[in-house]
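In: return atomic coordinates for the entry below.
(2 chains)
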Amino acid sequence: MDDRLKKALEFSNYMVTYNNQKRILKQKFLDQNVHYANGSKFKINREFITFINLLLQKGQTKDVTIIDDNDNPAQILDFAKFVDDVMNIYAKNVNHYYTQLHKIKKRDIKDVLGR
Amino acid sequence: MTKGVILFANNNDEIDYVRQAIFCAKHIKKHLNLPVSLITDSEKHLQTKYSHLIDIFDKVISAEKIQVYQRKTFRDGRQVSKKLQWNNFNRSDAYNLTPYDETIVMDTDYIVGNDLLLNCFKLNDDFMIWKDSLYINPYGKPWEIRYVSDTSIEMYWATVFYFKKNKKMETFFELLKYIKENWNYYRWIYQISGRNFRNDFAFSIAIHIMNGFESSTHWPTNPPGSLYYIFDRDLVEDFKDDEFTFLCTLPNDNSNYSVATTKDLNVHVMNKIGLEQLIERQGI
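Out: Below is the predicted model of the structure:
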């Protein structure tokens, strides 16, 4: 086999492994980035964070009704604490995701696999 | 409200599901710290071979041994395959057999690696089962399962599900039994070509019927987290400190594999022969 093709194929194998590990890590991040409160589930993303912080800035701190992931309205009694909890979960998970992804960004395939 | 996990283990000639259940229960205890009950038609085997490990189970519930005629191909990668008896008929009895008010039902080849499933008990939902899933094999797109057949309804995975005891769920499980008793009829209606009874399909059909023959509804919901899985065409290479290493089959290539690892994830390891060997190496 031509050396140029051989090198390209080796790189392609590395990329498949890297992209797959990244896909698994990203899904793990999304799985953990959820807040469970009042019997409801809320996916935490940038849009949700902006929305709840806007409500808080507008002075809504108690008995705030928002829509959960199943499109049901949920009433949050202590809304300030709810926002705090969401922010803490996001910060913890995004930092963990950063650390994990940084580990697999190394060139060697064994590093990609975390071993 | 009592909470717990139930596992079903019915041994066949080659696969020791009881041992798998012990391995599975150990990981449930470690990460979820929930009581685990075993429903088995192989209780004698449990008592004679694993008497020192019985304590891992909260309760052992004896199920009647039934004559099973259906067989399924069990693989270990591309090279090894065996046609073995496949006894998966008592899943629809979960409602009557569970000792808990809120129950997570799990396959014995589902290995828990984190505590995400505890969030089931924080939600109001009475039934959670995965419709979406993630195949760990990077080349796995062509093999992914989304529908019970190419021309039929969305598939729900009966691998892991959560339910609360209530009238609606009782009706659901009664419907499941009815579908099981009339399997040949329902598999034709829902355009399923295989003859074997498969829990995933029966659950999908029952959900479709209970939803007024509609798809993409809000009931049931996905459990917390995602359903990660490997098929039996992929190999189980290693498992240490909640980290799996898998060798994933490549399409059109019988000799090479792609490596994938998962850390602190719950994984459905469908390569039961590979899982058996792994459990053997772990000394159970």
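In: and chain A, which residues reach chain B?
Out: Proximity of chain A to chain B (C-beta under 8 Å from any C-beta of the partner chain) is limited to residues A:13, A:16-17, A:19-21, A:23-24, A:27-28, A:30-32, A:34, A:36-37, A:39-41, A:70-71, A:109, A:113-115. (Glycine included, C-beta is placed from N, CA and C.)
In: filter the residues you listed to the buried ones?
Out: For the residues of chain A next to chain B, a neighbour count by 16 or more other C-beta atoms under 10 Å in any protein chain shown gives the buried set as A:16-17, A:20-21, A:24, A:28, A:30-32, A:34, A:36-37, A:40-41, A:109, A:113.
In: now, these that are in strands?
Out: A:34, A:36-37, A:40-41 (DSSP state E).
In: I'd like these written out as a markdown table, with pLDDT and distance to B:Asp107 added.
Out: A markdown table is the format used below for these (pLDDT from 0 to 100; distance: C-beta to C-beta, whole Å):
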| residue | pLDDT | distance to B:Asp107 |
| --- | --- | --- |
| A:Val34 | 98 | 23 |
| A:Tyr36 | 97 | 24 |
| A:Ala37 | 96 | 30 |
| A:Ser40 | 96 | 28 |
| A:Lys41 | 97 | 24 |
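In: which among those residues gets closest to A:Ile89?
Out: Within those, proximity to A:Ile89 (C-beta to C-beta) peaks at A:Val34, which comes in at 7.9 Å.
In: which pLDDT value goes with B:Asn254?
Out: pLDDT recorded at B:Asn254 is 78.
In: swap in B:Leu247?
Out: With respect to pLDDT, B:Leu247 has a value of 93.
In: kindly report the same for A:Arg107.
Out: 59.
In: and the helix or strand of chain B with the lowest mean pLDDT, what's buried?
Out: The helix or strand of chain B with the poorest confidence is strand B:80-85; it has a mean of 84 (mean pLDDT, DSSP states H and E). Under the neighbour-count criterion of 16+ other C-beta under 10 Å, strand B:80-85 has B:84-85 buried.
In: and what of stretch B:184-201?
Out: Result for stretch B:184-201 [16+ other C-beta under 10 Å]: buried residues B:186-187, B:190, B:192, B:197-201.
In: and B:His27, which helix or strand is it part of?
Out: Here B:His27, judged by DSSP states H and E, is contained in helix B:17-31.
In: who's in contact with that helix?
Out: B:5, B:7-11, B:34, B:36, B:38, B:40, B:42, B:45-46, B:49-50, B:53, B:56-57, B:106, B:108-115, B:242, B:272, B:275-276, B:279, B:282, B:284 (C-beta atoms under 8 Å, 6 or more residues apart in numbering or on different chains).
In: alpha carbons of it, as PDB, please.
Out: Output in PDB follows, covering the C-alpha atoms of helix B:17-31 (Å, rounded to 0.1, in the frame of the first residue of the first chain):
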ATOM      1  CA  TYR B  17     -28.600 -15.900  34.100                       C
ATOM      2  CA  VAL B  18     -28.600 -16.500  37.800                       C
ATOM      3  CA  ARG B  19     -24.900 -15.700  38.000                       C
ATOM      4  CA  GLN B  20     -25.500 -12.700  35.700                       C
ATOM      5  CA  ALA B  21     -28.200 -11.500  38.100                       C
ATOM      6  CA  ILE B  22     -25.700 -11.700  41.000                       C
ATOM      7  CA  PHE B  23     -23.200  -9.600  39.100                       C
ATOM      8  CA  CYS B  24     -25.900  -7.200  38.100                       C
ATOM      9  CA  ALA B  25     -27.200  -6.900  41.700                       C
ATOM     10  CA  LYS B  26     -23.800  -6.200  43.000                       C
ATOM     11  CA  HIS B  27     -23.600  -3.100  40.800                       C
ATOM     12  CA  ILE B  28     -27.100  -2.100  41.600                       C
ATOM     13  CA  LYS B  29     -26.200  -2.200  45.300                       C
ATOM     14  CA  LYS B  30     -23.000  -0.300  44.700                       C
ATOM     15  CA  HIS B  31     -24.500   2.600  42.800                       C
END
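In: what separates it from the chain centre, distance-wise?
Out: 13 Å (C-alpha atoms, centre = their mean, to the nearest Å).
In: what packs against the lengthiest helix in chain A?
Out: Longest helix of chain A, by residue count under DSSP state H: helix A:3-32. Judged by 3 or more C-beta pairs under 8 Å, 6 or more residues apart in numbering or on different chains; DSSP states H and E, helix A:3-32 is in contact with helix A:79-104, helix A:109-112, strand B:134-135, strand B:253-263.
In: quick one: mean pLDDT for it?
Out: Mean predicted lDDT for helix A:3-32 stands at 88.
In: and that helix, how far out from the chain middle?
Out: 19 Å.
In: follow-up on the earlier one: okay if I get the buried residues of stretch B:184-201 as TSV plus distance to A:Asn95?
Out: Below are the buried residues of stretch B:184-201 laid out as TSV (distance: C-beta to C-beta, whole Å):
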residue	distance to A:Asn95
B:Tyr186	49
B:Arg187	49
B:Tyr190	46
B:Ile192	46
B:Phe197	47
B:Arg198	42
B:Asn199	40
B:Asp200	37
B:Phe201	42
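In: with secondary structure as extra columns, can I get those residues in TSV?
Out: Converted to TSV, those look like this (DSSP: H, G, I helix; E, B strand; the rest coil):
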residue	secondary structure
B:Tyr186	helix
B:Arg187	helix
B:Tyr190	coil
B:Ile192	coil
B:Phe197	coil
B:Arg198	coil
B:Asn199	helix
B:Asp200	helix
B:Phe201	helix
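In: determine which two of those are furthest apart.
Out: B:Tyr190 and B:Asn199, at 14.0 Å, using C-beta to C-beta across these.
In: so what does the least confident helix or strand of chain B touch, helix or strand wise?
Out: With 3+ C-beta pairs under 8 Å, 6+ apart as the test, strand B:80-85 has strand B:71-76 packed against it.
In: related to what we said a few turns ago, between the buried residues of stretch B:184-201, which is nearest B:Phe172?
Out: Out of the buried residues of stretch B:184-201, the member with the shortest distance to B:Phe172 (by C-beta to C-beta) is B:Asn199, at 13.3 Å.
In: so what does residue 67 look like in phi/psi?
Out: Picking chain A for this. The phi/psi pair for A:Ile67 (degrees, to the nearest 10) reads phi -90, psi 130.
In: does it really touch A:Gln75, like I thought?
Out: No - A:Ile67 is beyond contact range of A:Gln75, at 11.1 Å (criterion: C-beta atoms under 8 Å).
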